[in-house]
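In: Sequence first, then the predicted structure, then my questions.
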Amino acid sequence: METKKYSSYKQIEEDLEILKLEREIYYQKTLLSIDKAKESILPSKSVSFLGNLYEKVFTGTYGTILKIAIPYVINWYINRKRGD
C-alpha cells in the first residue's frame, strides 16, 4: 500500500470526510443485509395480515359468538357426515 503525502490540512480533512462517508455507506449496507436476513427468517407479510385479520375477527362480541358457535358447527358437520 502506497503512503499518501499531504501538502495541506485541507487534503487531510477531505480524505477523512471521504472515509467517514464510506464507513457510513458500509454501515447502511450492513443494516440492509441484516433486515433482508430478518425478512427471510420471519413470516411474510401475508402471514402477518392473516394474523391481524384473525385477531380482528375473533375479538369483541362477534368474536365471542364465533368462538362459541364454531365448535357446534364442526360437531354438527362431523355427525352429519356419519349419518347420525
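Out: The structure has been received and is ready for your questions. Numbers count the residues shown, from 1 in each chain.
In: By mean pLDDT, point me to the weakest helix or strand of the protein.
Out: Using mean pLDDT, DSSP states H and E, helix 45-57 stands out as the lowest-scoring helix or strand of the chain, at a mean of 71.
In: hmm, who's touching it?
Out: Helix 45-57 has contacts (Cβ atoms under 8 Å, 6 or more residues apart in numbering) with 63, 66. For the C-beta atoms, the positions are set from N, CA and C on the backbone; glycine is no exception.
In: For the protein, which segments count as helices?
Out: For the chain, the helices defined by DSSP state H occupy 9-41, 45-57, 60-82.
In: mean pLDDT for the ones you listed: which is lowest?
Out: Here the lowest mean pLDDT among these goes to helix 45-57, at a mean of 71.
In: okay, the angle between it and helix 9-41?
Out: Counting by axes from the mean of the first three to the mean of the last three Cα atoms, to 10 degrees, helix 45-57 lies at 60 degrees to helix 9-41.
In: How far away from the center of its chain is helix 45-57?
Out: Centre-to-centre, helix 45-57 and its host chain are 14 Å apart (Cα atoms, centre = their mean, to the nearest Å).
In: same thing with stretch 21-39?
Out: Once both centres are worked out by Cα atoms, centre = their mean, stretch 21-39 turns out to sit 15 Å from its chain's centre.
In: can you pull the alpha-carbon coordinates of it into CSV?
Out: Output in CSV follows, covering the C-alpha atoms of stretch 21-39 (Å, rounded to 0.1, in the frame of the first residue of the first chain):
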residue,chain,number,x,y,z
LEU,A,21,-18.9,8.7,4.2
GLU,A,22,-17.5,5.3,3.0
ARG,A,23,-17.8,4.0,6.6
GLU,A,24,-21.5,5.2,6.7
ILE,A,25,-22.2,3.5,3.4
TYR,A,26,-20.8,0.2,4.6
TYR,A,27,-22.7,0.6,7.8
GLN,A,28,-26.0,1.2,6.0
LYS,A,29,-25.3,-1.8,3.7
THR,A,30,-24.8,-4.0,6.7
LEU,A,31,-28.1,-2.8,8.2
LEU,A,32,-29.8,-3.5,5.0
SER,A,33,-28.3,-7.0,4.8
ILE,A,34,-29.5,-7.7,8.4
ASP,A,35,-33.0,-6.5,7.5
LYS,A,36,-33.1,-8.8,4.4
ALA,A,37,-31.9,-11.7,6.6
LYS,A,38,-34.7,-11.0,9.1
GLU,A,39,-37.3,-10.9,6.3
